[in-house]
Structure formats: C-alpha cells, structure tokens
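Visitor: dropping a prediction and its sequence here:
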Amino acid sequence: MDFNGKTVLVTGAASGIGNACAKGFAAAGAKVILSDINAEGGEAAAAQLPGAVFMQMDVTSRDEANALAARIEGEIGGLDVLVNAAGWDIIEPFMKNTPEYWEKIMALNFMGPVQLTRAVLPMLIDAKDGGRIVNVASDAGRVGSFGETVYAGAKGGVIAFTKSLAREMTRNGVRVNCICPGPTDTPLFATQSEKMQVALTNAIPMKRLGQPSEVADGVLFFASDRASFVTGQVLSVSGGLTMVD
Ligand code: NAI
C-alpha cells in the first residue's frame, strides 16, 4: 500500500492503536499529522516518524476540532485521510456508572469523531483522489460487551454514523469505513484488572490479544486504493471474537 503524497490525520496517535496507525502510514510514505490530548507523548511519537508533525487537540472540544482543521488547512493545505482512533473506557457495571462517566464516554468515543469529521470534511471532499475516513469503533459496538454498556452504545453509534455518512459521501468521493478491534495489547487494555484481562483473552478463539499493528493493517487497507470499491463497511480485527453476518 502506497500513501506517498497523501496527508493523514490520526487522533489518539500518542499511544496504542492510533500510534500504530501513524507508524504504518508513515512507513507507507504518508505525511502524518499525529494528534492527541497528550502533548508530551504525541511530540515524542511524531519525532520518531519521518516528516510527521504533532498537533495537540482534545477530541471532546468542538472548538479545538475546528481549530485543528483550520491549522491543517493553513499550514499543510489539505487532508486526504482521517483516522478517528482516540477513545477511552473503564469496564464497570452499568448500575455503578455515574452520569459524569456516561458523558465522558459519549463525548470522547462518539461526539469526538462526529465533530472532528465535520470539521475536516471540506478538505476530504476536496482531496485529489477522494478523501477517506476510517473510524476505530469496537466489537463491543457490534455485539455488546459486559461492563461496557454505554461504551458499546457509543461505539455502536460510531458504526451507524460510519454507514450513514458513507451513503451521503459517495457523491463527494469520500469513502467511510470502520474497524472494530477486539481486546488489543495497548496501554488502555492494561488499565483493566488482571482478572478481566485473562477472561477477555480466553474468550478470543485465537487465545491471544491483538497487536496494535494488526489493527493498523486493517485501517491502512480501508484508507488505501486497494479498498477503492469499499465504503460503509465494518471489519472486526479480533482473532475471531465476534463473527457477525
Ligand atoms: P490508548 O489509551 O492506548 O490510546 C488512546 C489515545 O487516545 C491516548 O494516546 C490518549 O491520550 C488519547 N486520548 C484520550 N482522550 C483523548 C481526548 N479527549 N482527546 C484526544 N486524545 C485523547 O488506547 P487504545 O487501546 O490504543 O485505543 C484506541 C481506540 O481503539 C479507542 O477508540 C478504543 O476505544 C478502541 N478499542 C481498543 C481496544 C483495546 O482492547 N485496546 C478494543 C476495542 C476498541
């Protein structure tokens, strides 16, 4: 897959899956804009990739999403690919959730991708070979997940948003697809209890965690010309955890 001449924006790029996506796109020749709320981690990650830049943003802020889009247009002049990878979760029973937890889950995992997508869409519509959006949802959003009730709702929303936007954007030449990781070996996964980590790993038919680079491979495929006739699709990268029609 060749991304020479393409500019790619990845959120959540300081860590885990977003970072693996940034590395994958840079290795394939893209100019990568790494974005994250974590400036120190993001700057360090960008410094390791040829031609990459870091631009800080909190995806829960619509003002910051709009400012990031304006900065990219002003400093770089356009965008070809958006990867919405930033996300967050804590596994706990729904009956223990606070309203503040619900609000954070929805703001970060659902409204974040929605408002950043809207902010950068004019650039993607203008992209020479057609813009591409890849959203990182979760298998939780396809089949539900114990202890991730509202997160699953947010990720299910990302899946439905992907499909609906894909329909609307065909006339603008923008393809929109969605990757659903299963349990993946990232700092986010490491925040879950050891008991939960073992249970989740054992539930995977392949009996191991996914690697962030394996998820990134799916993201790169959707963003590449190899997927030129693919839009509105959802791909699980989860060792067979879910097998959805
Ligand atoms: P991670 O915690 O390793 O990386 C997430 C990144 O997002 C971090 O760099 C963090 O600083 C950034 N971030 C957090 N809040 C932010 C905000 N408000 N604005 C901007 N950036 C923010 O997590 P991981 O595991 O790499 O997750 C990436 C995506 O994959 C998320 O959307 C997550 O929901 C999804 N996912 C992860 C799974 C896993 O097992 N690791 C399973 C299924 C989905």
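Guide: All right, it came through fine.

Visitor: right, is the top helix by length along the chain up against the ligand?
Guide: If you go by DSSP state H, the chain has its longest helix at helix 149-169. No: residues of helix 149-169 contacting the ligand under C-beta under 6 Å from any ligand atom: none, with a closest distance of 6.9 Å. Any C-beta I mention is one placed from the backbone N, CA and C, and that applies to glycine too.

Visitor: check which residues of that helix are buried.
Guide: 149-159, 161-162, 165-166, 169 (16 or more other C-beta atoms under 10 Å).

Visitor: over to stretch 216-226?
Guide: Ala216, Asp217, Gly218, Val219, Leu220, Phe221, Phe222, Ala223, Ser224.

Visitor: contact partners of that stretch?
Guide: Contacting residues not belonging to stretch 216-226 are listed as 1-3, 8, 17, 20-21, 23-25, 28, 81, 83, 85, 129, 132, 134, 136, 175, 177, 179, 227, 230, 233, 235, 237 [C-beta atoms under 8 Å, 6 or more residues apart in numbering].

Visitor: report the distance from that stretch to the chain centre.
Guide: The gap between the average C-alpha position of stretch 216-226 and the chain average comes to 12 Å, counting by C-alpha atoms, centre = their mean, to the nearest Å.

Visitor: go on, stretch 192-209?
Guide: On the basis of C-alpha atoms, centre = their mean, the separation between the geometric centre of stretch 192-209 and that of its chain is 22 Å.

Visitor: gap between the longest helix of the chain and the chain center?
Guide: Its chain's C-alpha centre lies 12 Å from the corresponding centre of helix 149-169 when counted by C-alpha atoms, centre = their mean.

Visitor: pretty sure Trp102 sits against Val150.
Guide: Yes: with contact defined as C-beta atoms under 8 Å, Trp102 counts as touching Val150 (5.1 Å).

Visitor: could you pull out the helices in this structure for me?
Guide: Along the chain, the segments classed as helices by DSSP H run 16-27, 39-47, 62-75, 99-106, 112-126, 140-143, 149-169, 187-190, 194-202, 212-223.
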